[in-house]
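Asker: sharing a model that was predicted from the sequence below.
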Amino acid sequence: MKLINKITAGRIWRSIFRTGLPSTNYRRSLVILNNFFLHLHPAKVKKSSIKFTTTFYLGGLSFALFLILTVTGIFLMFYYHPAVPLAYRDMKDLEFVVSNGKLLRNLHRWSAHAMVVTASLHMLRVFFTRAFHPPREFNWVIGVFLLLITLLLSYTGYLLPWDQLAYWGVSVGTNMIKAMPVVGDKIRFLLLGGNITGENALLRFYVLHCVILPLVLSVLVGVHFWRIRKDGGLQAESAGRLSEKTDLILGEKTNPRKDESLVHSNSIRSK
Amino acid sequence: MNDDHPVKVEFGDDAQVTQTRVAYVKGDTSIAVERERDEEVMTFPHLIVREVLLFEILLIALVLCSFLFDAPLESIANPEHSPNPAKAPWYFLGLQELLHYFPPVVAGVVLPTLVVVALVVIPYFRINLARESFWTGDVRKKFTILSAVVLPMNIPFVVSGAVPIYSCSAIIYSLMVLPVFLPRGRGILERFRQCALADWIMIWFILVGTVLTVIGVFFRGPEWRWIWPWIDGIYY
Amino acid sequence: MRDLSKYFGIVSVIFLIVMAISPFKEYYRQWRQYQREYNKHIEDLPQRISPVEEGLKQIWVPELDVIDHCTSCHLGLNEPALADAPQPFTAHPPMYHQPERFGCTPCHQGQGVATNVEDSFGFTGDWDEPVLSAPLIESSCGTCHGEERVRHAPVLNKGKELIEKYNCAGCHEIKGVEKEFTPRLDGVGSKVSRDWLVRWLENPRGVSATTRMPNFHLSNRDAGLLADFLLSFTEFPTREKLEPLPGVLQDEIPDSLYERGETLFRQARCISCHLVQGKGGSVAPEIGTVASKASRQWIYNFLQEPRSLQPGIPMSRYAFSSGELQAVTAYIATEFIDWDAPEEADTVAHSPDPNFYEKGLKLFQEYNCGGCHALAGVTTGEELGPSLVNLRKKPMYQLEFGLKDIPHTRERYVIEKIKDPRGFLSNALMPSYQFSDQQRLAIATALLSFQQQPTPAPYRVEQANTPKPVLAGEFGQLVEKYQCLTCHQINGRGGEIAPDLSRSGSQLNHEWIKEYFRLPYTLRPILTERMPNFFMPEKDIELLSQYISLVLRDDSLETEPRLQSTAADVELGRKLYFNNYGCQACHQLGGKGGYVGPPLDNLDQRLQPGWVYQRLKNPHRYQPGILEPTFNLTDEEARALTTFLFAERGNQR
């Protein structure tokens, strides 16, 4: 115990963990504020916001799934060649040879499906609780695009195993693009890198799936969270009950940024 | 969280002990400060623990799921042999089902675009912000308008034989209209009466989407023929 | 909050447990279990076998595109001590190919990359090539070995033989198998009666149990139409008309002629090739009821000049005099009548359908009769059946199981298809063959060896392309006339029924050859096929024997060992013959011994010592397949045995 105390009191330890044990509320807030990973949170949250039935944690679930997908996806990339027929062989290798490879692939697959579900449900929750009240309109729009990107991610990943299911599932989709007037063929060509779903398509889908779309999604997720934070946390529970007047909490119906208020809406002293 | 450090909201003047919460309020926003606040709790540990807990439960569920069900892997892609039926991923099967009723331009381009646009513009229309019951005010007038809009809107679906879509419309329309003809205060019907127009539209959208997807996943077999999954099996 | 921390604690523990499941499962994977079991198993054995180091084993053959993990569990393949060990540790039976160079799946198929039993055997999921069952394993030999006869693969060879014999290539595309169009049907109208033909078309096997022709299950009406169509072809390919019968054969046949014919029939040894009442060879068609099939005139003309009626058939042309010809015809025409055949119903004159030609032609084409029979003016050799060139690799979805309620595997498909061709689809046209189970297996083995994509060059073994000179000149004409190559081989051409004649000049005494042509006697009594008596004129005998003795030689056999007929050598030879090697078990000498090999009496009259000596040294040098064991005799022993065999003549006389 003494040793532990000595270590935790030492310079090196303190240089890494600045806050110390969160024994007081001050320190508890420092845990949040001083931590890069947690600083998106406010130091305090409304009790109603963290109630399960308020949000069903659907947004959080989607984000957690995104994290799981990122980690498992990066591991999968170690074993994957976006080439024909190596891609398919790598699936077999994952199944039979790679340690825990089957779990890795299964986790990635089921997480992807789950993320489509949770993201969609999240959207519905937001809609039915009217959580897109001004000034959060645009955050809703970002959310819609996040859902679309989630679908695209799932769809581009669908091709990568290069089995019959993947190939024809994707072919059905890309053939739909052809129906677009004027630009349909061009867009399809651009997406597939040719006129058929072949090796080029696999490579393009791979790059989209592993680089472009995750980057875009990450940025949009960041903006999405940032806006929630700047708009005063979750609107959730209150939104339905507040009349338009009480919306003024965020600085009237006018643009909140115009009034230059430094607002931590939940850090306003209540007493 | 042991007993020595009970977690509760603290107040104090010493900033070193209690977090000082500052609001830099300027001008006309001061009114907000007057408002009664919701009860607040410390993010750490209240929210953080919940988040970690959520993550753990999620991962447990996913891992168990992964042990129980293997991700599908069929034989290597063969461009010369298309399975019958060739189905898209499940979340696009609603669209693929639409292809069965409408020309590709409509099913593959127009309708999806409309859906995305509709979703994007939702927060910019007051009607979507309103939460009051659809049946407030002049019920007769609203009924007329509703019928006048709903019926013509479904004509294209009827014409193109999109049974699932116009059936859904019929169901939603009935549910909307039903409370009007019945006395008030009857449990679930009362909730229908209180439902806002925007909610009705969204429910219709969800219903159509779900029904189309379920049909696409379970009730379509070779040549996109109708099948009964408990008789012919699931083609997915 | 306190509740929450309780949950947090519980959930975290569960979380850690769940996270540990996968590594745990990894540690107990099937192949690891097998490796541990193997190490335990070999500890109990008396022999010392080095234990396996735990880890996934892999054979990678880039040229064949093979990655096999089979050896992760099949650990005792190269350990003879494990011959009786339980699977998967059992030693491999004699291997002709080292797995390190060839992998496992090129021969056994299955999913080599898999690491558990179900998936590696390939019976699960979408794997098109599950492990081949043992009886069909030789099909894999055929994927690399393109030789006509593949060593150590008797089933495959048998299958290829059957495919050729039954002319599968007539309807199916098969690589490397030539189509055959005999017998031609031109002139069939001048040969057979309508009743016979209808009976034949309805069920060929019902008429002749040994025929190659399959059953097309024609209705009586269709058989009649087809018969009428065929009977309209009365002209033969090389000549229009048959020679008229001599007067003596036109009426009642005199007994004396019949008896003379019977003697000649015996002397000519017709049953060496033809089956008669259950006796005889299988080289040529059964003739036990030929008199009920073919007209007397046709028989007479056929015996006179077989290939003028059926070009290309391997029937010898016997040098009968016209009297002998009449006698043999008389004998055949009276003796070989089908007494079981139904009474000919010629009381009612048959009037054919007015459009019999068109309808018959349609049937002829529908059932692809032209795949096997040539017929003037009708296209032949169309491949109406599905191609078989890639049966081994044909995607499973292309195999139509249709109405058949059998497991959907390639093996079962092929075997069942041969067994019951029409059971798969209601409109199938393939006729049914009555193969035995063994034959079916052999054919399936050969069929499953067909793949479009050849194996890469270093692994491919082609038929050695040694030049096979065509026999020309007068000798060639005689060989053609007597159809020697039906049974004998000369310079790589011909059948394998009788001895290879390519070096007979160095083996046999010239005088003996001549005698043998005059009156062939039986050298190997256990064989059915015997050398016929062709009644050759002296001129032919002289030419044939001269050619054999002067041209068909092998100089390496000429180096005659110095045979000193010393008593010591003879005694040593006698000891070797009777005591050391027990030759009398198979060979007759002095009226004693077995019947497996030819008798060795009077060897000096028949054989040349150089040959006997060389043959004793290495019996398999020229005839790799023969039964004679290799004793690895020393020069001394071989010389002594030769001396003994040549000296023994004196004792016999």
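Answerer: Done, it's in.
Asker: so how far is chain A from whatever residue of the stretch 451-600 of chain C ends up closest to chain B?
Answerer: Residue of the stretch 451-600 of chain C nearest chain B, by Cβ to the nearest Cβ: C:Gln452 (14.0 Å). C-beta coordinates here come from the backbone N, C-alpha and C atoms, glycine included. Distance of C:Gln452 to chain A, given as Cβ to the nearest Cβ, to the nearest Å: 18 Å.
Asker: for that residue, report the pLDDT, please.
Answerer: Note for C:Gln452: predicted pLDDT of 89.
Asker: touching, C:Gln489 and C:Ser504? I think so.
Answerer: No - counting by Cβ atoms under 8 Å, C:Gln489 stays clear of C:Ser504, with 10.6 Å between them.
Asker: correct me, but C:Gly594 touches C:Cys583?
Answerer: No - taking contacts as Cβ under 8 Å, C:Gly594 lies outside contact range of C:Cys583: 9.1 Å.
Asker: check contacts around the closest residue to A:Tyr167 other than its chain neighbours.
Answerer: Setting aside the residues directly before and after it, A:Tyr167 is nearest to B:Ala77 in space (Cβ to Cβ, 6 or more residues apart in numbering or on different chains), at 3.6 Å. Applying Cβ atoms under 8 Å, 6 or more residues apart in numbering or on different chains to B:Ala77 gives the contacts A:84, A:88, A:162-164, A:166-168.
Asker: tell me the residue of chain C that sits nearest chain B?
Answerer: For chain C, Cβ to the nearest Cβ, closest residue to chain B: C:Asp126, 3.7 Å.
Asker: for the helix or strand of chain C with the lowest mean pLDDT, name the packing helices and strands.
Answerer: The weakest-scoring helix or strand in chain C, judged by mean pLDDT, DSSP states H and E, is helix C:635-652 (a mean of 76). Under the contact criterion of 3 or more Cβ pairs under 8 Å, 6 or more residues apart in numbering or on different chains; DSSP states H and E, helix C:635-652 touches helix C:567-575, helix C:603-606, helix C:609-617.
Asker: tell me the gap between the helix or strand following the first one and the middle of its chain.
Answerer: Yep, that's helix C:567-575 we're talking about. The first helix or strand that comes after helix C:567-575 along the chain, using DSSP states H and E, is strand C:588-589. Here strand C:588-589 shows a centroid-to-chain-centroid distance of 32 Å under the convention Cα atoms, centre = their mean, to the nearest Å.
Asker: which helices and strands sit right next to strand C:588-589?
Answerer: By 3+ Cβ pairs under 8 Å, 6+ apart, strand C:588-589 packs against no helix or strand.
Asker: quick one: mean pLDDT for that strand?
Answerer: Mean per-residue pLDDT for strand C:588-589: 82.
Asker: can you list contacts of it?
Answerer: C:577, C:583, C:594-595, C:598-601, C:648.
Asker: partner strands of that strand and their direction?
Answerer: Taking DSSP bridges as the criterion, strand C:588-589 forms sheet pairs with strand C:592-593 (antiparallel).
Asker: got the contact list for the partner strand?
Answerer: With contact meaning Cβ under 8 Å, 6+ apart, strand C:592-593 is reached by C:583-587, C:599.
Asker: now swap in stretch C:377-386 and tell me
Answerer: Residues contacting stretch C:377-386 (Cβ under 8 Å, 6+ apart): C:170-173, C:179, C:181, C:361, C:364-365, C:368, C:370-371, C:373-374, C:429-430.
Asker: show me which of those residues are buried.
Answerer: Among these, those classed as buried by neighbour count (16 or more other Cβ atoms under 10 Å in any protein chain shown) are C:170-172, C:179, C:181, C:361, C:364, C:368, C:370-371, C:373-374, C:430.
Asker: chain B contacts on the stretch 1-150 of chain C?
Answerer: Proximity of the stretch 1-150 of chain C to chain B, by Cβ under 8 Å from any Cβ of the partner chain, involves residues C:1-2, C:4-5, C:7-8, C:11-12, C:14-15, C:18-19, C:21-22, C:125-128.
Asker: among these, the buried ones, what's the ChimeraX command?
Answerer: Of those, the buried ones can be selected in ChimeraX as follows, counting by 16+ other Cβ under 10 Å:
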select /C:8,11,15,18,22,127,128
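Asker: contacting chain A as well, which ones from the residues of the stretch 1-150 of chain C next to chain B?
Answerer: Answer for those near chain A (Cβ under 8 Å from any Cβ): C:22, C:126.
Asker: who has more neighbours, C:Gly594 and C:Cys583?
Answerer: C:Cys583 (22 against 14; other Cβ atoms under 10 Å in any protein chain shown).
Asker: that one contacts C:Tyr577, correct?
Answerer: Yes - counting by Cβ under 8 Å, C:Cys583 touches C:Tyr577, with 4.9 Å between them.
Asker: using the three-state scheme, assign C:Gln111.
Answerer: coil (DSSP: H, G, I helix; E, B strand; the rest coil).
Asker: can you give me the helices for chain B?
Answerer: B:30-33, B:48-68, B:93-101, B:104, B:111-121, B:126-129, B:139-159, B:163-181, B:188-194, B:197-218, B:229-232 (DSSP state H).
Asker: which residues outside the fifth one are in contact with it?
Answerer: For helix B:111-121, the surrounding residues in contact (Cβ under 8 Å, 6+ apart) are A:123, A:141, A:144, A:148, B:95, B:98, B:102, B:205.
Asker: which of the residues you listed are buried, as a PyMOL select command?
Answerer: Here is the PyMOL command that selects the buried residues among the contacts of helix B:111-121 (16+ other Cβ under 10 Å):
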select buried, (chain A and resi 123+141+144) or (chain B and resi 95+98+102+205)
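Asker: report the two of the contacts of helix B:111-121 separated the most.
Answerer: Spanning the widest gap among those are A:Val141 and B:Phe102, at 27.1 Å by Cβ to Cβ.
Asker: and stretch C:40-56, how far apart are its ends?
Answerer: 18 Å (Cα to Cα, to the nearest Å).
Asker: swap that for stretch C:211-230, sorry
Answerer: Stretch C:211-230 end-to-end distance (Cα to Cα) = 19 Å.
Asker: that stretch: which residues count as buried?
Answerer: For stretch C:211-230, by 16+ other Cβ under 10 Å, it's C:213-216, C:218, C:222-230.
Asker: can you lay out those residues as TSV showing secondary structure, pLDDT and distance to chain B?
Answerer: As requested, these are arranged in TSV below (DSSP: H, G, I helix; E, B strand; the rest coil; pLDDT from 0 to 100; distance: Cβ to the nearest Cβ, whole Å):
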residue	secondary structure	pLDDT	distance to chain B
C:Met213	coil	92	37
C:Pro214	coil	93	32
C:Asn215	strand	93	35
C:Phe216	coil	92	33
C:Leu218	coil	92	36
C:Asp222	helix	91	36
C:Ala223	helix	92	40
C:Gly224	helix	90	43
C:Leu225	helix	91	40
C:Leu226	helix	92	39
C:Ala227	helix	92	44
C:Asp228	helix	91	45
C:Phe229	helix	91	41
C:Leu230	helix	91	42
